[in-house]
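Asks: just coords:
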């Protein structure tokens, strides 16, 4: 049995690294071991579809902590190391090399795996899945001007890869099976705006595109200018020739260790079910990040959120929970993406019955469009999408967090200064 102060963190990504740092910040003096399968020290994943596709030295700029951080903080970092089994009864983690790591409390920050297409499995030459720094490096090596890239999946990752590839001069086709982009997180008007923006950037965007088959081409197709490595056939019989295929169809939570340890999973999303302190059904095992499902009081349901913010916030909550300290306040969900010359930030999640008001002019072909679509219910902001307007969104955030109503017409009027408007809303709410 481990000493009572021994904490093991399985998964050396964003959540694992932040949890380790937070444990020290909160006063934990005992042993901390951080175990990761990759050879790299913990790094942030959002740049994988952006900076890491454009430059070979991205790791230094995306590291969660400086190189000497772990030694200075007395955190044992084991990279290139896999945990293959957890003995929850004895509180021991077995490594692939046969070593056992005892723990008093253990955090599972195992993230997720990229979903694969059966006909295009990982490892197929010319087929790329973007989940790790090495994945990004492999794709970067194949990107060049006029390279034909087919991106399967029009979610955040697929659109970011497409944007970066276009900026590098590649010819890009995006195949999205849904009738519109990001239909689960954007209102229809914003989906249409984003589609127009992508097409204006030169992306061949195919919506409602369902794949019937994908063949590797041993010889040049007569209808294609030059030999193509792949020929993708859609259900409507249209074809797409590609030199490279990027599959970006979502993430599957990595819960194999949790299942083996007998932890409860959320039946709706497959994540490890945790409470506000990120504690699982086993009082000595916690989970955070992409692999964890946590109840969201504002939505009245459990969700598994795949975001930079969620990895950080759950990591901090887990660290506090493992030390018996109060969990931080539940954050308002926030997401961001950079694509097609735009920084897009989203606050909250869409809900049925919202009415949207727009501040600014959403011109898809403008060089630097700037606007915020605000989704409200009876004036109370619930969901917002800011394009190149992150500063304005920060001013509005207090209204979301405190459920303070705003006049949608005055909000949409750009002659009305935003900061005084927000302050007036707060003052009115305080007196009613």
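Replies: Arrived safely. Just so it is clear, the model here is predicted, and its values are computed rather than measured.

Asks: domain ranges for the protein?
Replies: As recorded under automatic domain parsing, the domains making up the chain are 7-113+252-322, 127-247, 341-430.

Asks: so which of the ones you listed comes closest to residue 119?
Replies: domain 127-247 (5.5 Å; CB to CB). For every residue, glycine as well, the C-beta is placed using N, CA and C.

Asks: which residues in this protein form helices?
Replies: 14-25, 58-62, 69-72, 133-142, 156-167, 188-200, 256-260, 308-322, 390-401, 408-412, 418-430 (DSSP state H).

Asks: and these: which comes nearest residue 364?
Replies: Evaluated over those, closeness to residue 364 peaks at helix 188-200, with 3.8 Å, by CB to CB.

Asks: returning to that earlier point: which stretch in the domains of the chain has the least confidence?
Replies: Lowest mean pLDDT within the domains of the chain: domain 127-247, at a mean of 93.

Asks: can you give me the end-to-end distance of it?
Replies: Criterion CA to CA, to the nearest Å; first-to-last residue distance in domain 127-247 is 7 Å.

Asks: same question for stretch 410-425.
Replies: Stretch 410-425: ends 11 Å apart by CA to CA.

Asks: got it, and stretch 384-396?
Replies: End residues of stretch 384-396 are separated by 9 Å (CA to CA).

Asks: report the buried residues of it.
Replies: For stretch 384-396, the neighbour count (16 or more other CB atoms under 10 Å) marks 384, 385, 386, 387, 388, 389, 392, 393, 396 as buried.

Asks: ok so, going back, out of the domains of the chain, the one nearest residue 331 is which?
Replies: The minimum distance between residue 331 and these falls on domain 7-113+252-322, with 5.0 Å, by CB to CB.

Asks: now residue 49: how far from residue 197?
Replies: 17 Å (CB to CB, to the nearest Å).

Asks: scratch that, residue 283 is what I was asking about
Replies: 48 Å.

Asks: now swap in residue 206 and tell me
Replies: Taking CB to CB, one finds residue 206 at 16 Å from residue 197.

Asks: what about those two, which has more around it?
Replies: residue 197 (26 against 18; other CB atoms under 10 Å).

Asks: and the residue nearest to residue 84 when sequence neighbours are not counted, how many neighbours?
Replies: Excluding the flanking residues, the one nearest residue 84 by CB to CB, 6 or more residues apart in numbering is residue 96, at 5.1 Å. Applying the criterion other CB under 10 Å, we find 12 residues in the vicinity of residue 96.

Asks: residue 96 against residue 80, yeah?
Replies: No. Applying CB atoms under 8 Å as the test, residue 96 and residue 80 come out as separate, 9.9 Å apart.

Asks: picking up where we left off before, check contacts around the residue nearest to residue 84.
Replies: 81, 82, 83, 84 (CB atoms under 8 Å, 6 or more residues apart in numbering).

Asks: any of these buried? List them.
Replies: Among those, the ones that count as buried by 16+ other CB under 10 Å are 81, 83.

Asks: which of the contacts of residue 96 lies closest to residue 143?
Replies: residue 82 (30.1 Å).

Asks: ranges for the strands of the stretch 51-200 of the chain?
Replies: Under the criterion DSSP state E, counting those that start in this stretch, the stretch 51-200 of the chain contains strands at 75-78, 83-87, 92-95, 100-102, 105-108, 112-114, 127-128, 148-152, 171-176.

Asks: pick the most buried one from the ones you listed.
Replies: Mean neighbours per residue, mean count of other CB atoms under 10 Å, is largest over these for strand 105-108, with a mean of 29.

Asks: who's in contact with it?
Replies: Contacts for strand 105-108 (CB under 8 Å, 6+ apart): 6-11, 16, 19, 86, 91, 93, 257-258, 272, 278, 280, 284-288, 291-292, 318, 322.

Asks: do that again at 7 Å, thanks
Replies: Here strand 105-108 makes contact (CB atoms under 7 Å, 6 or more residues apart in numbering) with 7-11, 19, 93, 257-258, 272, 284-288, 291, 318, 322.

Asks: also stretch 231-245?
Replies: 120, 126-128, 142, 147-150, 152, 173, 175, 209-215, 217, 221, 224, 228-230.

Asks: starting at the chain centroid, how far to it?
Replies: 27 Å (CA atoms, centre = their mean, to the nearest Å).

Asks: what is the end-to-end distance of that stretch?
Replies: OK, stretch 231-245 end separation, CA to CA: 10 Å.

Asks: now do the buried residues in that stretch.
Replies: Applying 16+ other CB under 10 Å to stretch 231-245 flags 231, 232, 234, 240, 241, 242, 243, 244, 245 as buried.

Asks: which of those fall within strands?
Replies: 231, 232, 234, 240, 241, 242, 244, 245 (DSSP state E).

Asks: adding distance to residue 374, write the residues you listed out as CSV.
Replies: Formatted as CSV, the entries for those read as follows, by distance: CB to CB, whole Å:
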residue, distance to residue 374
231, 44
232, 39
234, 37
240, 37
241, 42
242, 39
244, 39
245, 38
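
Asks: which of those residues sit farthest apart?
Replies: Longest span within these, CB to CB: 234 and 244, 17.9 Å.

Asks: pLDDT (mean, whole number) over stretch 327-340?
Replies: In the prediction, stretch 327-340 has an average pLDDT of 93.

Asks: got the buried residues for that stretch?
Replies: So, applying 16+ other CB under 10 Å, buried residues of stretch 327-340: 327, 332, 333, 334, 335, 336, 337, 338, 339, 340.

Asks: so the first one is in contact with residue 321, correct?
Replies: Yes. Between residue 327 and residue 321 there is a contact under CB atoms under 7 Å: 6.2 Å.

Asks: shared neighbours of those two, anything?
Replies: With CB under 7 Å, 6+ apart, residue 327 and residue 321 have common neighbours residue 277.

Asks: okay but residue 95 is in contact with residue 78, surely?
Replies: No. The pair residue 95 / residue 78 is not scored as a contact, 8.1 Å apart, by CB under 7 Å.

Asks: the closest residue to residue 180 other than its chain neighbours: neighbour count?
Replies: Spatial nearest neighbour of residue 180, chain neighbours left out: residue 191 (4.1 Å); criterion: CB to CB, 6+ apart. Under the neighbour criterion other CB under 10 Å, residue 191 is assigned a count of 19.

Asks: need the contact list for residue 191.
Replies: Neighbours of residue 191 in contact, by CB under 7 Å, 6+ apart: 180, 181, 182, 183.
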